[in-house]
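Undergrad: need the 3D shape of this:
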Amino acid sequence: MLNFFNVRRLSWGSSTDGQEKVELSVTELESLRSELAYLEEREAYLKAQLEHVDEILRSARFSGYLYIRTRWTALPGEPPPLDDTDVDDWLPRFVVLNGPCIFFYLLSTDFSPQDSTLLADIVEVGSLPSFTRENDKTWYSSYILTRQGLRYECSSISEVQVDSWLKVLQADIKLDSETKVPSWFQ
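TA: Modelled structure (predicted):
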């Protein structure tokens, strides 16, 4: 946009009253209007993203970036999963605990999550051993296991962040399991 206003691109002239003025051709004027319309649309989109992030952060009980990878538990009769500790398939995700769900966003500015799971579907939450990735940094990790057999593995270089998520989820899972009525009682 700034290149559009450089001196060589616009023709300058002088009026009879001594003030300088810019002379634009019809094509240049239409191009300028088009760029302004694009910038107004872009501004509206970015404002909507900002409002969405603000709404998520205000209503979420917990949120933040974690590195995530997913694994499926082996079904009965299947061979045990291969040891994939050397596989580096950790992807950064913006994770939000809001209401009865955990939402996984690609970025904090995304309008809709890529994945989600209900807290009621979580059957187990626990710690995983720490490991070393690039730059010899220690990464701390935990897991979330759902009743469908999907295991979310979460990691961060911040031990406090991983422990905080673990404590919040363990408390929610404990409260949720205490309020459930056993199926044989219904």
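
Undergrad: distance of the spatially closest residue to Leu145 that is not a sequence neighbour from Glu23?
TA: Of all residues beyond its chain neighbours, the one nearest Leu145 is Glu124 (4.2 Å), with distances taken as Cβ to Cβ, 6 or more residues apart in numbering. To be clear about C-beta, it is placed using only N, CA and C from the backbone, and glycine gets the same treatment. In this structure, Glu124 lies at 72 Å from Glu23, with Cβ to Cβ, to the nearest Å as the measure.

Undergrad: tell me which of those two has more neighbours.
TA: Counted by other Cβ atoms under 10 Å, Glu124 and Glu23 do not tie: Glu124 has more neighbours, with 12 against 9.

Undergrad: can you give me every residue that contacts the more buried one?
TA: Under the criterion of Cβ atoms under 8 Å, 6 or more residues apart in numbering, the contact list for Glu124 reads 143-145, 173.

Undergrad: in what helix or strand does the nearest residue to Thr109 once chain neighbours are set aside lie?
TA: Ranked by Cβ to Cβ, 6+ apart and with sequence neighbours excluded, the top spatial neighbour of Thr109 is Gln49, at 4.5 Å. In the assignment (DSSP states H and E), Gln49 maps to helix 26-59.

Undergrad: list the buried residues in that helix.
TA: Within helix 26-59, the residues scored as buried using 16 or more other Cβ atoms under 10 Å are 53, 56.
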